[in-house]
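# here is my input, please return the structure:
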Amino acid sequence: METISGRLLSWASILEPSTREQAERTAAMPFVHPYLALMPDAHLGKGATVGSVIPTDGAIIPAAVGVDIGCGMMAVRTQFDAADLTGRDLSVLHGQISRSVPLSAGRYNKAVRPTAEPRVAELRALPGVAQADGAASTWPLQLGSLGSGNHFIEVSLDEQDRVWLFLHSGSRGVGNKLASVHIRRAQERCRALGIELADRDLAYLEEGTPEFDAYLEALRWAQRFAFLNREEMMDRLADQLGRFLGDDVQRLETVNCHHNYTEREHHDGRDVWLSRKGAISARKGQAGLIPGSMGTASYVVSGLGNPAALMSAPHGAGRNHSRTAARRLFSRADLEQRMTGIAWGHSDAFLDEHPDAYKPIDQVMADAADLVEVRHTLRQVVNVKGD
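Just a heads-up that it's a prediction; the model follows:
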């Protein structure tokens, strides 16, 4: 851990100057208390650094939560092992999953599926649904869809060759639209009050105002949507694996955790709004998930409850190159080689997700040694992504 200043601590051994400068700007906001903690996977983000843990007193920065509210991961350990997959064409399973879960931005279900009906009903009963209806009336059809970018669905093997199901997604188009509405409102409010900001995406909403209350309502609704979205996709993933292997999936271990969200937490002697933008909660003994990138390992972890890190840990490998740079730097042939032995989409669309576009996950995990302990190491044999 490095003390960059009294308001900024860092666990990132790989930290670009622009990322550090962005984190320093966020840490300088007067309501950040006691300091901002940078995780090992920190990289440049919109407004606030991805891989940052931001405790705030009396205010929240909507852009510091991000536009994919509630984004996170879910993993399930099944009763199957590598022997159950041996000799089977995993590209068939890849196709089954791809047909069962809508992939890519803007692609949703044609109708609400029976498994999604009780989840949609729960969301309709929550405060915030009116905002969701106004932002994206198609949100019930979005439940159970993946999205694109670094979102994925994987079938993996752990260190004992046990089969795991693993996925990464968030609140989809409805969460994005809700976040965008409130980021804009925060900017308009700060401008109307004559508040000067080092970055317009550091615009904030003050506790006790109607704007703050409306954002918190939308935030909590979208976080729940994201959690249920992962559950719905996991149901479909388990169903497809069961069909592929001819036996119902038994769920022997389950973890479902956010890494873009805000909660009320107690740190340094006071209650604060803790925003984790690209970070997971890592209280003592708390289960968490830290994915690598395409073709690299992912981890099921247990938190160590490090108070200096605000009980947090990294959410993944963290980008090392922008998507544009990755497309320039890496070739399809190289990506094919890196994905040897994995059933995947075989498309140029995934060049910007090349493993080397991200920080080495081994280094990220080494930097996180005082934040989490590794329980399981997962290696994917099927990787499904949206382009």
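# Arg119 belongs to a helix?
Yes: the assignment for Arg119 (DSSP: H, G, I helix; E, B strand; the rest coil) places it in a helix.
# which helix or strand contains the closest residue to it other than its chain neighbours?
Spatial nearest neighbour of Arg119, chain neighbours left out: Leu228 (4.4 Å); criterion: CB to CB, 6 or more residues apart in numbering. Placement of C-beta: from N, CA and C, glycine included. Per DSSP states H and E: Leu228 is located in helix 210-245.
# now do the next helix or strand after that helix: which elements does it pack against?
Downstream of helix 210-245, the next assigned helix or strand under DSSP H and E is strand 253-258. With contacts taken as 3 or more CB pairs under 8 Å, 6 or more residues apart in numbering; DSSP states H and E, strand 253-258 sits against strand 72-81, helix 210-245, strand 279-281, strand 287-290.
# how near is the closest residue to Asn229 other than its chain neighbours to Pro118?
Distance criterion CB to CB, 6+ apart; nearest residue to Asn229, sequence neighbours excluded, is Leu143 at 5.5 Å. Counting by CB to CB, to the nearest Å, the gap from Leu143 to Pro118 is 11 Å.
# just give me the neighbour total for Ile195.
When counting by other CB atoms under 10 Å, one arrives at 12 neighbours for Ile195.
# where does this protein have low pLDDT?
Residue ranges of the chain with pLDDT under 70: none are present.
# would you map the strands across the stretch 51-200 of the chain?
With DSSP state E, counting those that start in this stretch as the criterion, the stretch 51-200 of the chain has strands at 59-60, 72-81, 152-157, 162-169.
# walk me through which strands the third one pairs with, and which way each runs.
Next to strand 152-157 in the sheet, as set by DSSP bridges, lie strand 162-169 (antiparallel), strand 372-384 (antiparallel).
# now the longest one
Partner strands for strand 72-81, per DSSP bridges, with pairing direction: strand 162-169 (antiparallel), strand 253-258 (antiparallel).
# for the ones you listed, which one ends up most surrounded?
Highest mean neighbour count of the strands paired with strand 72-81: strand 162-169, a mean of 24 (counted as mean count of other CB atoms under 10 Å).
# ok and that strand relative to helix 210-245, angle-wise?
Put simply, strand 162-169 runs at 150 degrees to helix 210-245, going by axes from the mean of the first three to the mean of the last three CA atoms, to 10 degrees.
# is it true that Asp352 touches Ala326?
Yes: counting by CB atoms under 8 Å, Asp352 does reach Ala326; the two are 4.4 Å apart.
# my guess is Leu241 contacts Gln250, does it?
No: using CB under 8 Å, Leu241 makes no contact with Gln250, being 11.0 Å away.
# any common contacting residues for these two?
Common contacts of Leu241 and Gln250, defined by CB atoms under 8 Å, 6 or more residues apart in numbering, comprise Thr78.
# comparing those two, which shows the higher neighbour count?
Remark: of Leu241 and Gln250, Leu241 carries more neighbours, 24 against 12, as counted by other CB under 10 Å.
# quick one: contacts for the closest residue to that one other than its chain neighbours?
Among residues not flanking Leu241 along the chain, Val249 sits closest, at 5.6 Å (CB to CB, 6+ apart). By CB under 8 Å, 6+ apart, Val249 lies in contact with Val76, Thr78, Gln79, Phe80, Leu165, Ala238, Asp239, Leu241, Gly242.
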